[in-house]
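Peer 1: fold the following, please.
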Amino acid sequence: NGIAGLNLAATIQRQNDLHQSAADGDLGFAGEVPDANGDLIEAHARYTTGGLQLTVQHARWDIDSDAAEALGKDQQEGTMFEAGYRIGDQWGVFARHTTVDTNAGSEDANDEETVVVTGGVNYWPHERVVVKADYQDFDYKSDAGDDGESRFNLGLGWSF
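Peer 2: Have a look, this model is predicted:
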């Protein structure tokens, strides 16, 4: 793209038969499994300079299904913003804000929206191994109200 440290990308995927011809009842549908095809559209940008890395990503499903449309689930989308900073060779910190709406096709665009705010730390004991710890705060938007929760996650990554 001609700008050092900037990476831009987009993808489009057509998925025919989202249910992958599951047998009746396997997906919780009574009787015949409804037809469903979909398009997944995604775009992201990442900018890295020194130890700083900034990322934004947006993805959207457009599902062609009468059953999904009746539930408002024919459109599903999410956006993620992340900032990270690498402190030397072994440590890094990051913060992430994610919004996911699995019911974006309904008239009430917020009735299935989830907002997740994450903060964490990375430790690289080896250049190809990372230990990650983060704290997540969930905020569920629904007709029933806001019933958030929190999680602590610990992970291990290996690049090969």
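
Peer 1: give me the phi and psi for residue 71.
Peer 2: Here is the backbone geometry of residue 71 (degrees, to the nearest 10): phi -90, psi 0.

Peer 1: run a quick neighbour tally on it.
Peer 2: 13 (other Cβ atoms under 10 Å). The way it works is simple: take the backbone N, C-alpha and C, and place the C-beta from them, glycine included.

Peer 1: with the one 3 residues further on instead?
Peer 2: Counted with other Cβ under 10 Å, the neighbours of residue 74 add up to 21.

Peer 1: shift numbering so it begins at 179
Peer 2: OK, 179 is where the count begins now, so the last one is residue 252.

Peer 1: who's in contact with it?
Peer 2: 240-243, 246, 283 (Cβ atoms under 8 Å, 6 or more residues apart in numbering).

Peer 1: one more pass at 10 Å, please.
Peer 2: If a contact means Cβ atoms under 10 Å, 6 or more residues apart in numbering, then residue 252 has 214, 216, 239-246, 281-284 as its contacts.

Peer 1: equivalent analysis for residue 310, please.
Peer 2: Residue 310 neighbours (Cβ under 10 Å, 6+ apart): 270, 272, 298-302, 331-335.

Peer 1: please name the nearest non-neighbouring residue to residue 253.
Peer 2: Once flanking residues are discounted, residue 253 sits nearest to residue 283: 3.8 Å by Cβ to Cβ, 6 or more residues apart in numbering.

Peer 1: which SS state does that neighbour fall under?
Peer 2: coil (DSSP: H, G, I helix; E, B strand; the rest coil).

Peer 1: just the buried residues out of the contacts of residue 252, in PyMOL syntax.
Peer 2: Here is the PyMOL selection string for the buried members of the contacts of residue 252, based on 16 or more other Cβ atoms under 10 Å:
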select buried, resi 214+216+239+240+241+243+246+281+282+283+284
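
Peer 1: picking up where we left off before, list buried residues within the contacts of residue 310.
Peer 2: Applying 16+ other Cβ under 10 Å to the contacts of residue 310 flags 270, 272, 298, 300, 302 as buried.

Peer 1: could I get the residues you listed as TSV with distance to residue 181 and pLDDT?
Peer 2: Shown next, in TSV, are these (distance: Cβ to Cβ, whole Å; pLDDT from 0 to 100):
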residue	distance to residue 181	pLDDT
270	23	97
272	22	98
298	28	98
300	26	97
302	27	96
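
Peer 1: name the next helix or strand following the lowest-mean-pLDDT helix or strand in the chain along the chain.
Peer 2: Sorting the helices and strands of the chain by mean pLDDT, DSSP states H and E puts strand 323-324 at the bottom, at a mean of 55. For strand 323-324, the following helix or strand on the C-terminal side (DSSP states H and E) is strand 327-336.

Peer 1: much appreciated, bye for now.
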